[in-house]
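Q: Compute the structure for the input listed below.
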Amino acid sequence: MKFLSTLITTALIFLSSANAYANPGACSGICNNSHDPSLIRRSSDGTYFRFSTGGGLSIYTAPAIVGPWTYNGVVLSGGSKIDLTGNTDLWAPDVHLVGSTYYLYYSVSSFGSQNSAIGLATSPTLDAGSWTDRGATGIASSSSKNYNAIDPNLVAVGSGYYLNFGSFWHDIYQAPLAATPTKTAGSSYNIAFNASGTHAMEGSYMFSHGGYYYLFFSRGICCGYDTDRPAKGAEYSVMVCRSSSATGGFVDKNGVACTAGGGTVVLASHGTVYGPGGQGVYDDPTYGPVLYYHHVDTTIGGNSPSTAFSWPRDWGLTFAGLPTAKWIATIRRLHPASGVQMKENLAADSAYLCSNKRPGLPLI
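A: Here you go, the predicted model:
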């Protein structure tokens, strides 16, 4: 189990050194038990809801992303109607607003098992006691499959829907869903795979921004840090590939296909942050795109009681050197013809070369 952190996007480039990663910030209220978090803001009143792995899927609420967070029950107190081992200890919630209804996809499985299925619960309000278990979505796995049917993530593309899922084995898959996204509407196919080692890739989350679909995923070993930490660098880290299509063609910053082991590091262990992963992205009305995740705080330890929620202010979401935030800088310059001073915003999805041709008049 790990700490959950959220990072607010600013216009930074991908940085590879340990000191470049943003550190967790403040969190008030109940900031623990945040494995595999899912974050959403209720449209009717602006209340933030945080859901996490374990039991019937815990619910925490807050008036702001920084808190104060309070515990508000569970999604499915009696567990899932899916008849598999693990149906009272649900994993990896993924919540979205579909029309006027909140859809929460979840995993039913047990650790190390491929006998898994993805279920769905719906609610008009997100509150505890308002959820209805819809049961199986049609995405399931057994030892005969190339994938493990856990870690769901809903993706809206135009008027259609897809569900990303997968963990180890052949890693990340995608399946089309029906127009009302309660069931599958076609066969699944592979969109990301690392053939090396144990194929340690899972927890995918897709986010559309700036004409691209960004496929985030966790790579490495997720758990058991309190008793047996893996070799340095083998623990969880957050990776990303991107494509102009939601259904394939994902590559990393160097052009390596995500189906051929590609992936650019977004966040790795640094300072007191260990094993970040289980990530998602939420487009916050105040801060813009927010990357949230869980991690271990090494000053406390790696066991369940030490988990917590926090957020730093800065993170770099870029690709091929181009940031995806709206603006990176504002400059003032003289109009070349009139000599009148102008104020100009530099767009983050463009490249600029700025030089000062008027000695003594600095760029501001």
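Q: give the contact list for residue 151.
A: 36, 91, 92, 107, 165, 166, 167, 202, 203, 204 (CB atoms under 8 Å, 6 or more residues apart in numbering). Heads up, the C-betas are built off the backbone N, CA and C, glycines and all.
Q: what is the fourth one paired to in the beta sheet?
A: Read that as residue 107. Note on residue 107: beta-bridge partners residue 91, residue 118, judged by DSSP bridges.
Q: need the contact list for it.
A: So residue 107 contacts 90, 91, 92, 116, 117, 118, 119, 149, 150, 151, 152 (CB under 8 Å, 6+ apart).
Q: my guess is the second one meets residue 148, correct?
A: This points to residue 91. No: look at residue 91 against residue 148 with CB atoms under 8 Å: they stay out of range, at 11.2 Å.
Q: how many neighbours does the residue lying closest to residue 129 once chain neighbours are set aside have?
A: Sequence neighbours aside, residue 73 is the residue nearest to residue 129 in space, at 6.9 Å (criterion: CB to CB, 6 or more residues apart in numbering). When neighbours are counted by other CB atoms under 10 Å, residue 73 registers 15.
Q: picking that back up, return the entry from the contacts of residue 107 with the maximum number of neighbours.
A: residue 149 (29 neighbours).
Q: For it, report the pLDDT, please.
A: Confidence at residue 149, expressed as pLDDT, is 98.
Q: could you measure residue 82 against residue 90, distance?
A: 9 Å (CB to CB, to the nearest Å).
Q: Overlap in contacts, the two.
A: What both residue 82 and residue 90 touch, as defined by CB under 8 Å, 6+ apart, is the set 108, 119.
Q: one step back: export the contacts of residue 151 to CSV and append columns for distance to residue 144 and pLDDT.
A: Shown next, in CSV, are these (distance: CB to CB, whole Å; pLDDT from 0 to 100):
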residue, distance to residue 144, pLDDT
36, 26, 92
91, 22, 97
92, 22, 97
107, 19, 98
165, 17, 98
166, 15, 97
167, 16, 96
202, 20, 97
203, 23, 97
204, 22, 98
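Q: out of the residues you listed, which one sits closest to residue 291?
A: residue 203 (12.8 Å; CB to CB).
Q: May I ask which helix or strand encompasses the closest one?
A: strand 201-209 (DSSP states H and E).
Q: other SSEs contacting that strand?
A: strand 153-157, strand 160-165, strand 172-176, strand 212-219, strand 273-284 (3 or more CB pairs under 8 Å, 6 or more residues apart in numbering; DSSP states H and E).
Q: same thing but at 6 Å, please
A: strand 153-157, strand 212-219, strand 273-284 (3 or more CB pairs under 6 Å, 6 or more residues apart in numbering; DSSP states H and E).
Q: name the helices or strands packed onto the longest one?
A: On a contact count with 3+ CB pairs under 6 Å, 6+ apart, strand 273-284 meets strand 201-209, strand 288-297.
Q: Next: the second one.
A: With contacts taken as 3+ CB pairs under 6 Å, 6+ apart, strand 212-219 sits against strand 201-209, strand 237-243.
Q: would you turn the ones you listed into a markdown table with distance to residue 21 and mean neighbour count?
A: A markdown table is the format used below for the helices and strands packed on strand 212-219 (distance: least, CB to CB, whole Å; neighbours: other CB atoms under 10 Å):
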| stretch | distance to residue 21 | mean neighbour count |
| --- | --- | --- |
| strand 201-209 | 18 | 23 |
| strand 237-243 | 10 | 24 |
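Q: so which of those gets nearest residue 288?
A: If we rank the helices and strands packed on strand 212-219 by CB to CB, the stretch that ends up nearest is strand 201-209, at 9.6 Å.
Q: Let me know the angle separating that closest one from strand 172-176.
A: 50 degrees (axes from the mean of the first three to the mean of the last three CA atoms, to 10 degrees).
Q: Show me the shaky parts of this structure.
A: 1-19, 24-26, 301-364 (pLDDT under 70).
Q: can you rerun that using 50?
A: Applying pLDDT under 50 to the chain flags the ranges 1-19, 303-308, 310-316, 318-334, 341-364.
Q: Specify the residue ranges that define each domain of it.
A: By the assignment in automatic domain parsing, the chain contains the domains 3-321, 326-364.
Q: tell me the most buried of those?
A: Across those, averaging neighbours per residue (mean count of other CB atoms under 10 Å) puts domain 3-321 on top, at a mean of 19.
Q: Quick one: distance of it to the chain centre.
A: 4 Å (CA atoms, centre = their mean, to the nearest Å).
Q: and residue 271, what is it in contact with?
A: Residues in contact with residue 271, defined by CB atoms under 6 Å, 6 or more residues apart in numbering, are residue 23.
Q: follow-up on the earlier one: of the contacts of residue 151, which is the nearest to residue 195?
A: residue 166 (14.3 Å).
Q: before we move on, the earlier item: contacting residues around the strand holding residue 203?
A: By CB under 6 Å, 6+ apart, the surrounding residues in contact with strand 201-209 are 151, 153, 155, 164, 167, 171-172, 194, 213-219, 278-281, 324.
Q: Of the contacts of residue 151, just say which sits nearest to residue 264.
A: For these, the closest approach to residue 264 (CB to CB) belongs to residue 204, at 14.5 Å.
Q: measure the closest one to residue 225 for me?
A: For residue 204, the distance to residue 225 - CB to CB - is 22 Å.
Q: Likewise for residue 194?
A: 21 Å.
Q: One more: residue 246?
A: 33 Å.
Q: Surely residue 106 and residue 119 touch.
A: Yes: using CB atoms under 6 Å, residue 106 is in contact with residue 119, at 5.2 Å.
Q: picking up where we left off before, would a markdown table of the helices and strands packed on strand 212-219 with distance to residue 187 be doable?
A: Putting the helices and strands packed on strand 212-219 into a markdown table (distance: least, CB to CB, whole Å) gives the following:
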| stretch | distance to residue 187 |
| --- | --- |
| strand 201-209 | 18 |
| strand 237-243 | 20 |
